[in-house]
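K.L.:
Sequence first, then the predicted structure, then my questions.
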Amino acid sequence: MKRRFLPNWQVTGIYKFRFMKAMIMSAGKGTRLGKITETIPKVLVDINGKTLLQLAIEKCSRYGFDDIIVNVHYLAGMVEEEVNRLKKLGYKITVSDERDLLLENGGGLFKARDFFDKRPFLVYNADIVTDLDLSSLYNYHLKNRGLATLAVRNREGSRFLLVNSGGVLKGWCNIATGEKILAVKEEEKLTRIGFSSIQIIEPEIFKYMKDGIYTVVSLYLELAASQNIHTFRYDDGYWFNVGTPAELEKVRVFLRSRKIKSR
């Protein structure tokens, strides 16, 4: 099967990046989806004829992040079957096997470290559906060149990043429990903002990582006192986290309506 290439017009402008590395986080069980994920993994949930994993891979590839690794854990064999189907369509996909132990996104990223090269790479949660311009996120990262750049959004929720006036990560809070973690000794004026579960990361990050089960945000909070973790704010367009049956149906209806209107 020949490798899939974008037409020439797509290699210019926002599509100027090609053959970039990306990791799609796809190992979660999706327990909040209830009975839906008793027999299929979350990333194989159907969205109007395509799986969540296919939507994520199409999204990343569209912006030039077309050398992709996905991690598998829950019902891993089913996810691997979907990966093989997508590879036959021309997508370049590698599998990181976590079926013996789910590592969270921090530990999972570290396990896959040998996949990446010396360039910044994309990490994208498979359960996110958005129209965020990934090339704008990447360009913003190249301009500021911190250890990482996290896509953020003003949205509802209980857990938020805390950033300073320059959009640099300085802490985290859970407004439901009152828990707060600060990376600064004296609490300056900080703004709450929601993490969109999409990020550009420098390969230098692996110097600060280790084996284990942990989130990448917990690592960022440890490093925020000495490293610049930038945020890229995008409040326009749409962003969905397909975590519950209600959200799943909402995404299906929304994307179906957009398709009809675009004809």
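P.N.:
Alright, I've got the coordinates.

K.L.:
helix or strand right after the helix or strand hosting residue 193?
P.N.:
Residue 193 is part of strand 191-201, with elements assigned from DSSP states H and E. Sequence order places helix 216-223 as the next helix or strand after strand 191-201, per DSSP H and E.

K.L.:
So residue 139 versus residue 200, what's the distance?
P.N.:
As judged by CB to CB, to the nearest Å, residue 139 and residue 200 stand 10 Å apart. Yep, even glycine has a C-beta here, placed from its N, CA and C like the rest.

K.L.:
So which of the two has more stuff around it?
P.N.:
Ranked by neighbour count (other CB atoms under 10 Å), residue 139 and residue 200 place residue 200 first, with 25 against 17.

K.L.:
what's the closest non-adjacent residue to the more buried one?
P.N.:
Leaving aside its chain neighbours, residue 200 sits nearest to residue 141 (4.1 Å; criterion: CB to CB, 6 or more residues apart in numbering).

K.L.:
got the contact list for the one helix or strand the one you found maps to?
P.N.:
Following DSSP H and E, one finds residue 141 within helix 134-144. For helix 134-144, the external contacting residues (CB atoms under 8 Å, 6 or more residues apart in numbering) are 14-17, 20, 59-60, 62-65, 120, 122, 148-149, 151, 198, 200, 228, 230, 232, 234.

K.L.:
which residues of the stretch 101-250 of the chain score low on pLDDT?
P.N.:
Within the stretch 101-250 of the chain, the stretches with pLDDT under 70 are 186-187.

K.L.:
what about the strands in the chain?
P.N.:
Using DSSP state E, the strands assigned to the chain run over residues 21-25, 46-47, 50-51, 67-72, 92-97, 121-125, 128-130, 148-153, 159-163, 169-174, 179-182, 191-201, 229-233, 239-241.

K.L.:
Let me have the ones you listed in CSV, adding distance to residue 105 as columns.
P.N.:
Below are those laid out as CSV (distance: least, CB to CB, whole Å):
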stretch, distance to residue 105
strand 21-25, 5
strand 46-47, 22
strand 50-51, 20
strand 67-72, 9
strand 92-97, 12
strand 121-125, 7
strand 128-130, 12
strand 148-153, 12
strand 159-163, 14
strand 169-174, 15
strand 179-182, 17
strand 191-201, 9
strand 229-233, 15
strand 239-241, 14
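
K.L.:
With respect to residue 108, which of those lies nearest?
P.N.:
Nearest to residue 108, of all the strands of the chain, is strand 67-72, at 4.7 Å by CB to CB.

K.L.:
Does anything pack onto the closest one? Which helices or strands?
P.N.:
With contacts defined as 3 or more CB pairs under 8 Å, 6 or more residues apart in numbering; DSSP states H and E, strand 67-72 has these neighbours: strand 21-25, helix 52-62, helix 76-88, strand 92-97.

K.L.:
Tell me which of the ones you listed is the most buried.
P.N.:
Comparing these by mean neighbour count (mean count of other CB atoms under 10 Å), strand 21-25 ranks first with a mean of 24.

K.L.:
May I have that one exported as CSV, CA atoms only?
P.N.:
Backbone C-alpha positions of strand 21-25 (Å, rounded to 0.1, in the frame of the first residue of the first chain) are rendered in CSV as follows:
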residue,chain,number,x,y,z
LYS,A,21,5.4,13.0,14.7
ALA,A,22,2.3,12.8,16.8
MET,A,23,1.0,10.6,19.6
ILE,A,24,-2.7,10.0,19.9
MET,A,25,-3.8,8.9,23.4
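
K.L.:
re earlier: need the helices and strands packed on strand 67-72 in JSON lines with mean pLDDT and distance to residue 40, can you?
P.N.:
Converted to JSON lines, those look like this (pLDDT from 0 to 100; distance: least, CB to CB, whole Å):
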{"stretch": "strand 21-25", "mean pLDDT": "98", "distance to residue 40": "17"}
{"stretch": "helix 52-62", "mean pLDDT": "97", "distance to residue 40": "11"}
{"stretch": "helix 76-88", "mean pLDDT": "98", "distance to residue 40": "6"}
{"stretch": "strand 92-97", "mean pLDDT": "98", "distance to residue 40": "17"}
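
K.L.:
closest to residue 217 out of these?
P.N.:
strand 21-25 (12.5 Å).
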